[in-house]
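Asker: my questions concern the predicted model and sequence given below.
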Amino acid sequence: MATTTEIPITLNKDEILRYSRHLIMPEVGMEGQQKLKAARVLCIGTGGLGSPLALYLAAAGVGTLGLVDFDVVDYTNLQRQIIHSTADVGRKKLDSAADKLKAINPFINLRTFDTMLNSSNALELFREFDIIADGTDNFPTRYLVNDACVLTGKPNVYGSIFRFEGQASVFATEEGPCYRCLYPEPPPPGLVPSCAEGGVLGILPGLVGVMQATEVIKLILGVGDPLIGRLLLIDALGMKFRELKLRKNPDCPACGTHPTVTKLIDYNEFCGIRGEEKPVGNGVPEIPVEELKRRLDAKDDLFVLDVREPHEYQICNLGGYLIPLNDLPKRVHELDSSREIVVHCKMGGRSAKAVAFLQQAGFKKVHNLAGGILAWSDKVDPKVPKY
Amino acid sequence: MSKIHIPTPLRQYVGKQASVEVAGSTVGEAMSALVAQHPDLKKHLYTDDGKLRAFVNLYLNDEDIRYLQKEATALNDGDNISIVPSIAGGRDEDFRFAIFAC
């Protein structure tokens, strides 16, 4: 990887000792270590993927490490975002990450950008770096990073994860395909609730983030076979790795022969996101948690239907009757339409869909529990754990 | 017979299997056999007029069928077909593949 720096990069005595296990390997050596020191790598996100990525790049001696994040450390991050510790909950992820990285390697130049990457700042930011490592977790930023990499000519070291499954590749090199060659457009936003489908095995971002770090280092050193034109599929449950060939699509809207993406666009709009997406109850009748509590205490004849998944029911429940949303169409006969029914899920999104479905099926007295079991925990019974 | 690899988010529609063995002499036939066996899968892969959704990538072994003969690509015994989902990350609301149709 060519870098733009003209000043000869040298290592001091402490650095030579620190990097000795690199220096004694001919594939790295003094020349490679100097390339690492001269390199400028921008990590987008300091979450699940960004944590191991940044830690290893810092340890390896990447001279200039940029971090972009605007988020704050949350308690639920700690299961996988290993750059942050329990004491960091509530701190800015950038501050927390910077502390750890400086502690690992005081010789690197750390540049932090406390901002949300967007169409108006991405190009300017990317131009100051040689390689971009995408550790984000949403479609608009994926497309933004890809297009900005194509437009600035910077390789995009890509990793993504879902549950037990990961993907890694290197996009947007001069000769190789970009993310849009593979997926010209994102899938439209779903109608089916996704809360039940989420989650990620904590070690998986570790595995994939370290793969990204490996690819970054290889690109800098110019050794080995980078994942250019290859998509690595990682199945952590089967511990199987498969590889698919990716081709540069001549009709690609971003990097094809006649590109239509010549500047950055509104990626939220492109990905079909309209403002803040909240799990709101799309117009179905709602009941607040306090009212449900009052009516249950008054022994009103109410049937509580829980449309979450069985493994969620095990975490906590309100004693409701469990029919997971996906099973509702084939199990609707189990419900008595003459009774008043209150439907709930975790946050109110899935249950709103269940209420709409039941209304279409002829149920007249169905209500959605606003805010779901989380609201119940907040406002009625704090002993119900949140997850 | 060919083996179709099912990505994690779609496994709920195929009885939680990681792969499904199907008969068929082309990729299109094998996929038809798959959705015939598992009808719940169909709306996630095909549009209402029966076209493969634009954001569903199918691979025969390690090749994208867009660069072969698409769904008419011939199959040999023991071939592997992969459905490759577009995944953005671990955040619940950003997982689209499993949820794009209802």
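Answerer: Good, I have the coordinates.
Asker: quick check: bridge partners of residue B:2?
Answerer: Using DSSP bridges, the beta-bridge partners of residue B:2 come out as residue B:22.
Asker: how about residue B:20, secondary structure?
Answerer: strand (DSSP: H, G, I helix; E, B strand; the rest coil).
Asker: what about it, neighbour count?
Answerer: Look at residue B:20: counted by other Cβ atoms under 10 Å in any protein chain shown, it has 20 neighbours. From N, CA and C alone the C-beta is placed, and that goes for glycine too.
Asker: settle this for me: it is touching residue B:35, isn't it.
Answerer: No - using Cβ atoms under 8 Å, residue B:20 makes no contact with residue B:35, being 10.3 Å away.
Asker: is any residue of the worst-scoring helix or strand of chain A on mean pLDDT near chain B?
Answerer: For chain A, counting by mean pLDDT, DSSP states H and E, helix A:267-270 ranks last in confidence among helices and strands (a mean of 88). No - counting by Cβ under 8 Å from any Cβ of the partner chain, chain B has no neighbours in helix A:267-270; the shortest distance is 11.6 Å.
Asker: for chain B, what spans make up the helices?
Answerer: Here chain B has its helices, by DSSP state H, at B:27-37, B:42-45.
Asker: same check on the stretch 51-200 of chain A?
Answerer: Under the criterion DSSP state H, counting those that start in this stretch, the stretch 51-200 of chain A contains helices at A:93-104, A:122-127, A:139-152, A:179-182.
Asker: neighbours of residue 63, how many?
Answerer: No chain specified, so I'll use chain A. Around residue A:63 sit 20 other residues, with neighbours defined as other Cβ under 10 Å.
Asker: that answer is for a different chain, and I need it for chain B
Answerer: Neighbours around residue B:63, by other Cβ under 10 Å: 14.
Asker: could you do residue A:316 as well?
Answerer: Other residues near residue A:316 come to 18 when the count uses other Cβ under 10 Å.
Asker: residues contacting it?
Answerer: For residue A:316, the contacting residues are A:373, A:377, A:384-385, A:387, by Cβ atoms under 8 Å, 6 or more residues apart in numbering or on different chains.
Asker: may I ask which of those residues has the most neighbours?
Answerer: Top of the contacts of residue A:316 by neighbour count (other Cβ under 10 Å): residue A:373, with 30 neighbours.
Asker: gap between that one and chain B?
Answerer: Distance of residue A:373 to chain B, given as Cβ to the nearest Cβ, to the nearest Å: 15 Å.
Asker: that's a helix at that residue, yeah?
Answerer: Yes - assessed with three-state DSSP, residue A:373 lies in a helix.
Asker: would you confirm that it contacts residue A:344?
Answerer: Yes - between residue A:373 and residue A:344 there is a contact under Cβ under 8 Å: 6.1 Å.
Asker: residues shared between the contacts of those two?
Answerer: Shared contacts of residue A:373 and residue A:344, defined by Cβ under 8 Å, 6+ apart, comprise residue A:318.
Asker: rewinding a little: turn the helices of chain B into CSV, including distance to residue B:5.
Answerer: Listed next are the helices of chain B as CSV, based on distance: least, Cβ to Cβ, whole Å:
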stretch, distance to residue B:5
helix B:27-37, 11
helix B:42-45, 13
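Asker: worst mean pLDDT among those?
Answerer: Out of those, helix B:42-45 stands lowest, with a mean of 85 (criterion: mean pLDDT).
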